[in-house]
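got a structure for you, letters missing:
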């Protein structure tokens, strides 16, 4: 049992539950629940978006990748970051001007509500649940290691806290938990990077030189290795990371929490700054760890492997630079990071159920706000229980492919129709539904046939589809299907939908008629 | 918005100018970002040794500098966009809103 870490984590939990109580008192309307009343500032939302992106997976995973392969770790980091300017230039403001609570609001703006909401909600729930499973399993393993509590309790604890934050505090609590964690993680990594640089006399050249001197791969760690040697795979991975981010429902939802397009724009500016800064720190942490953790026998077990596995590099480095107290802090931050991300996921999944499915499809827009909030609370509870059960079922499964699948699905199912609905007059209901389904089916099939699942998980000899990243092909399939099924749609409904584009375009450009912040 | 509002806004010269300017700004910055990022990805795929070269005789490689530059450029491009949008597009947008509100 690591008591410092547990103590610090308890402090975080008590504090965030206090925040949740405060948020619960201010959460009355549906708009409060889904989007914190639309009253967050660009800075707050920027921190929350950054918090969503700098998850435990990127903190522990990317530093571990740099520790193992050097430069290749940076390629992942850059892919995630490079998506943000594109999101800002293409969709951030239009999204804010057109939507209210979920991205399905935007896609269904001028299309038929029922079919479009059904497919968008399906896309949201698939992404949210798969992502939740990946996070739950990772969280359980990590917490087992850091805190010495069993996997079962760890998963249940994460699930229960997540449900608490979301059902009582809605988006306001979820956002503040994310902001608090982002500040903690950014300060913690800043301190770690500072101590590493201090160790090397504030010379990055000295740091890289010592790292290359002790690493098994020598100076090869300073150049791209085998990760993206195949150009098709490289572009496909790049597309998946760039546009996958733009299709994640819990990220898209954040654009509705600010008052207008101007604040939405500012939030991406701040988020890009924080995410970029974080990845620059990770370079120092990853390469510093090669020397400060890699050469230290205390962090290796009898067989020479890193204690706790490769993902523990950043945690060991925390101990090396700041002793047990700082180790406790970083462990608590890692736990907090998981909690904050799963809360956002649960909220986006619950909104798809209560807003898209219940209020818009089942009740045809006639549900009262109180009913809608009640349904979303029940949905959160169900999602929480599902996440715990799935987390326990998948404990010993190889789930490394899940996070890749999530991004590929988000990039192929959600992004193409969202993009076309805003930019292409010709998109019709039939095209939108066909595009989503084509993206989903092709992403799942190609991933199953790829080396990642067909060889590594199902243990066949040779993959039927040669590339590990389906995004290039599944996104093309989605765009193609959406286009083909739209242009061939000669129904009266389709021509009405095309006719409504101009009004949508004016609103997306100017914000005339956009949903405004609720008054408190 | 009534059909006649839509008609008058879409034909309004200020609205047309707003659309043109937005398209130009968004289009050029998106193109810049795509060229930067996919140029890098293609360099990684086709010529990793270029990125592996020593920067100035030491261990620090060209690739490391390029990586850091991409981070800084991404941030700079979002900064340019926010600056232009706040100072050029927003005033124009406000003008359109004012002129078209009756």
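Now that the structure is in, tell me what you want to look at. As the structure is a prediction and not an experimental result, all values here were calculated from the model. Residues are numbered from 1 along each chain as shown, chains lettered A, B, ... in the order given.

And the residue of the stretch 101-250 of chain A closest to chain B?
Closest residue of the stretch 101-250 of chain A to chain B, CB to the nearest CB: residue A:223 (2.7 Å). C-beta: built from backbone N, CA, C; applies to glycine.

Excluding covalently adjacent residues, which one is nearest to that residue?
Closest residue in space to residue A:223, ignoring its immediate chain neighbours: residue B:52 at 2.7 Å, by CB to CB, 6 or more residues apart in numbering or on different chains.

quick one: contacts for residue B:85?
A:262, A:265, B:25 (CB atoms under 8 Å, 6 or more residues apart in numbering or on different chains).

By neighbours, which of the residues you listed wins?
When neighbours are counted by other CB atoms under 10 Å in any protein chain shown, residue A:265 leads these with 24 neighbours.

how about that one, what does it touch?
A:42, A:88, A:92-93, B:81-82, B:85-86.

how about 6 Å then?
The neighbourhood of residue A:265, defined by CB atoms under 6 Å, 6 or more residues apart in numbering or on different chains, consists of A:93, B:82, B:85.

CSV please, covering those residues and showing secondary structure, distance to residue A:272 and pLDDT.
Output for those, formatted as CSV (DSSP: H, G, I helix; E, B strand; the rest coil; distance: CB to CB, whole Å; pLDDT from 0 to 100):
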residue, secondary structure, distance to residue A:272, pLDDT
A:93, helix, 15, 94
B:82, helix, 10, 96
B:85, helix, 14, 95
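
Kindly reformat the contacts of residue B:85 as JSON lines containing distance to residue A:417.
Shown next, in JSON lines, are those (distance: CB to CB, whole Å):
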{"residue": "A:262", "distance to residue A:417": "26"}
{"residue": "A:265", "distance to residue A:417": "23"}
{"residue": "B:25", "distance to residue A:417": "25"}
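
Could you dump these into CSV with secondary structure added?
As requested, the contacts of residue B:85 are exported to CSV (DSSP: H, G, I helix; E, B strand; the rest coil):
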residue, secondary structure
A:262, helix
A:265, helix
B:25, helix
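
Which one of the residues you listed is nearest to residue A:452?
Among those, residue A:265 lies closest to residue A:452 (CB to CB), at 36.5 Å.

Now do the same contact list for residue 93.
Using chain A. A:261, A:264-265.

Chain B was what I was after
Contacts of residue B:93 (CB under 6 Å, 6+ apart): A:510, B:18.

Quick check on it: phi, psi?
Dihedral pair for residue B:93: phi -60, psi -40, per degrees, to the nearest 10.

Would you mind measuring from it to residue A:503?
Distance, residue B:93 to residue A:503, using CB to CB, to the nearest Å: 17 Å.

again with residue A:335
48 Å.

if you count what's nearby, which of these two comes out ahead?
Using other CB under 10 Å as the criterion, residue A:335 and residue A:503 rank with residue A:335 on top: 27 against 20.

now for whichever strand or helix holds residue B:77, which elements pack on it?
Assigned by DSSP states H and E, residue B:77 belongs to helix B:62-84. If you count contacts as 3 or more CB pairs under 6 Å, 6 or more residues apart in numbering or on different chains; DSSP states H and E, helix B:62-84 packs onto helix A:72-87, helix A:261-292, helix B:13-46.

any idea how far it is from the chain center?
11 Å (CA atoms, centre = their mean, to the nearest Å).

Do me a favour and get the backbone dihedrals for residue A:300.
Backbone dihedrals for residue A:300, given as degrees, to the nearest 10, come out at phi -120, psi 150.

ok, for it, nearest residue in space, not its chain neighbours?
Residue A:300 sits nearest to residue A:306 (CB to CB, 6+ apart), 6.1 Å away.

average pLDDT for stretch A:210-227?
Mean per-residue pLDDT for stretch A:210-227: 88.

Kindly report the same for stretch A:146-159.
For stretch A:146-159, the mean pLDDT works out to 90.

Stretch A:368-375 too?
92.

tell me the contacts of the spatially most central residue of chain B?
For chain B, the residue nearest the mean C-alpha position is residue B:29 (2.5 Å; CA atoms, centre = their mean). Taking CB under 6 Å, 6+ apart as the criterion, residue B:29 is in contact with A:89, B:77, B:81.

confidence score at it?
For residue B:29, the predicted pLDDT is 97.

Could you find the closest non-adjacent residue to it?
Using CB to CB, 6+ apart, the closest residue to residue B:29 is residue A:89 (5.0 Å).

same question, residue A:103
residue A:252 (4.2 Å).

Those residues of chain B touching chain A, which are they?
Neighbours of chain A within chain B, by CB under 6 Å from any CB of the partner chain: B:1, B:6, B:9-10, B:26, B:29-30, B:33, B:37, B:41, B:44-45, B:48, B:51-52, B:58-61, B:63, B:67, B:70-71, B:74-75, B:77-78, B:82, B:85, B:93, B:96.

Going by neighbour count, which of those residues are buried?
Restricting the residues of chain B next to chain A to buried positions leaves B:6, B:9, B:26, B:29-30, B:33, B:37, B:41, B:44-45, B:48, B:51-52, B:59-61, B:63, B:67, B:70-71, B:74-75, B:77-78, B:82, B:85, B:93, B:96, with burial counted as 16 or more other CB atoms under 10 Å in any protein chain shown.

Give me the local confidence score for residue A:398.
Residue A:398 carries a pLDDT value of 69.

low-scoring stretches of chain A, by residue?
For chain A, the stretches flagged by pLDDT under 70 are A:1, A:227-229, A:398-400, A:517-520.

Kindly list the longest helix within it.
Secondary structure assigned by DSSP state H gives helix A:151-199 as the longest helix of chain A.

helices or strands up against that helix?
Using 3+ CB pairs under 6 Å, 6+ apart: helix A:151-199 touches helix A:3-26, helix A:30-35, helix A:42-53, helix A:113-147, helix A:261-292, helix A:313-351, helix A:369-393.

if we go to 10 Å?
Packed against helix A:151-199 by the contact rule (3 or more CB pairs under 10 Å, 6 or more residues apart in numbering or on different chains; DSSP states H and E) you find helix A:3-26, helix A:30-35, helix A:42-53, helix A:113-147, helix A:204-214, helix A:261-292, helix A:313-351, helix A:369-393.

Need these in CSV (columns: distance to residue A:103).
Output for those, formatted as CSV (distance: least, CB to CB, whole Å):
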stretch, distance to residue A:103
helix A:3-26, 23
helix A:30-35, 12
helix A:42-53, 15
helix A:113-147, 7
helix A:204-214, 41
helix A:261-292, 13
helix A:313-351, 9
helix A:369-393, 16
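
In this structure residue A:327 contacts residue A:320, no?
Yes. With contacts counted by CB atoms under 10 Å, residue A:327 reaches residue A:320, the gap being 9.0 Å.

Which residues of the stretch 351-500 of chain A lie near chain B?
Within the stretch 351-500 of chain A, the positions adjacent to chain B are A:499-500 by CB under 10 Å from any CB of the partner chain.

Tell me which stretches of the stretch 351-500 of chain A form helices.
In the stretch 351-500 of chain A, the helices defined using DSSP state H, counting those that start in this stretch lie at A:369-393, A:400-409, A:415-423, A:429-449, A:471-487, A:492-499.
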